[in-house]
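Asker: Curious how this folds, go ahead:
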Amino acid sequence: MAQALIRKIKDETLEAYRLSARTKGVSLEAELRDVVERNAPIYRKDSAALLALSERLQAMTLKPGGDSTKYIRWTRDTNCGRFPGSPPFEEEDEDEDDVGH
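Answerer: Numbering: from 1, shown residues only. All right, here's what the predicted structure looks like:
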């Protein structure tokens with residue numbers, strides 16, 4: 001893992017982190033590492049990638065008044081599509097599902 005040295009931190013700022021670390025029962029280093037990790041910059045995707053993601057998510061969204069049974073089963077069985085090779089969610093035709101209900 002990489003290391004970084006930060007110079008010229010105000011004494012009162014560092015003391016606040018020391019107190020926070022002591023309160024949590026961790027080292028100053030662990031407290032500062034946690035702060036840096038939690039506040040890491042978010043990688044920005046290009047607009048084309050975000051548009052493609054948005055379109056995929058919209059395709060998975062249930063239509064108003066649609067039957068959520070298939071979606072619920074899909075999320076349960078595939079951990080929301082996180083299992084390798086799981087098929088994308090596709091809403092069934094309403095006419096096929098209405099038989100006997």
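
Asker: Tell me which helix or strand V36 sits in.
Answerer: Secondary-structure element containing V36, defined by DSSP states H and E: helix 28-38.

Asker: Who are the packing partners of that helix?
Answerer: Secondary-structure packing of helix 28-38 (3 or more C-beta pairs under 8 Å, 6 or more residues apart in numbering; DSSP states H and E): helix 11-24. All C-beta spots, glycine's among them, are computed from the backbone N, C-alpha and C.

Asker: who touches the helix it packs on?
Answerer: S27, L28, A30, E31, L32, V35 (C-beta atoms under 8 Å, 6 or more residues apart in numbering).

Asker: need the contact list for the third one.
Answerer: This means A30. A30 neighbours (C-beta under 8 Å, 6+ apart): A21.

Asker: same check, this time on the first one
Answerer: Residues touching S27, when contacts are defined by C-beta under 8 Å, 6+ apart, comprise A21.

Asker: Need phi/psi at it.
Answerer: phi -80, psi 160 (degrees, to the nearest 10).

Asker: any idea how the chain splits into domains?
Answerer: Structural domains of the chain, as assigned by automatic domain parsing, span the residue ranges 8-41, 60-93.
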